[in-house]
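Colleague: output the structure for:
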Amino acid sequence: MTELSCPLARSMVSDYIDGDLPAGQARSLEEHLQTCPFCPPLYASLVETLAELKALDDVGGVDQLVRRVLAALAEPPGPDDPQPRRA
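Modeller: The predicted structure follows:
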């Protein structure tokens, strides 16, 4: 098996967490996570974030969060809000 680069490993993490990564690729990613000094913190933060979102969902909090975010996006910008950049 060839060693994964960090960008490739990072692109595989979501599928790995979802259980959608083929077995060989999952093993390669696991090996990378055991030896890489950079990717494990990213992986851990994604796992933690998903666990927190699941906990919110268990108490109905995700729907409330989505409603709050959508309401905030619908509000006109205030005087202290940064001006959007033009393309």
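Colleague: roughly how far apart are residue 17 and residue 56?
Modeller: Using C-beta to C-beta, to the nearest Å, one obtains 17 Å as the distance from residue 17 to residue 56. Glycine gets a C-beta too; all of them are placed from N, C-alpha and C.
Colleague: try residue 33
Modeller: Using C-beta to C-beta, residue 33 is found at 26 Å from residue 56.
Colleague: comparing those two, which shows the higher neighbour count?
Modeller: Between residue 33 and residue 56, counting by other C-beta atoms under 10 Å, residue 33 is the more crowded of the two (17 against 14).
Colleague: per-residue confidence at the more buried one?
Modeller: On pLDDT, residue 33 comes in at 96.
Colleague: tell me the secondary structure at it.
Modeller: For residue 33, the assignment made with DSSP: H, G, I helix; E, B strand; the rest coil gives helix.
Colleague: so, low pLDDT: which residues of this protein?
Modeller: For the chain, applying pLDDT under 70 flags the ranges 1-2, 57-60, 81-87.
Colleague: 90 instead, please
Modeller: 1-3, 18, 49-87 (pLDDT under 90).
Colleague: most remote residue from the middle of this structure, which is it?
Modeller: Relative to the centre of the chain, the most outlying C-alpha is that of residue 79, 31.6 Å out, by C-alpha atoms, centre = their mean.
Colleague: torsion angles phi and psi at it?
Modeller: Here is the backbone geometry of residue 79 (degrees, to the nearest 10): phi -60, psi -30.
Colleague: who are the contact partners of it?
Modeller: Counting by C-beta atoms under 8 Å, 6 or more residues apart in numbering, residue 79 touches no other residue.
Colleague: residue 12 and residue 29 touch, don't they?
Modeller: Yes: Residue 12 is within contact range of residue 29, at 5.1 Å (criterion: C-beta atoms under 8 Å).
Colleague: among the two, which residue is more densely surrounded?
Modeller: Neighbours per residue (other C-beta under 10 Å) separate residue 12 from residue 29, with residue 29 holding more: 23 against 18.
Colleague: the more buried one reaches residue 11, doesn't it?
Modeller: No: in this structure, residue 29 is not within contact of residue 11 by C-beta under 8 Å, at 9.9 Å.
Colleague: overlap in contacts of residue 12 and residue 29?
Modeller: Common contacts of residue 12 and residue 29 (C-beta under 8 Å, 6+ apart): 4, 21.
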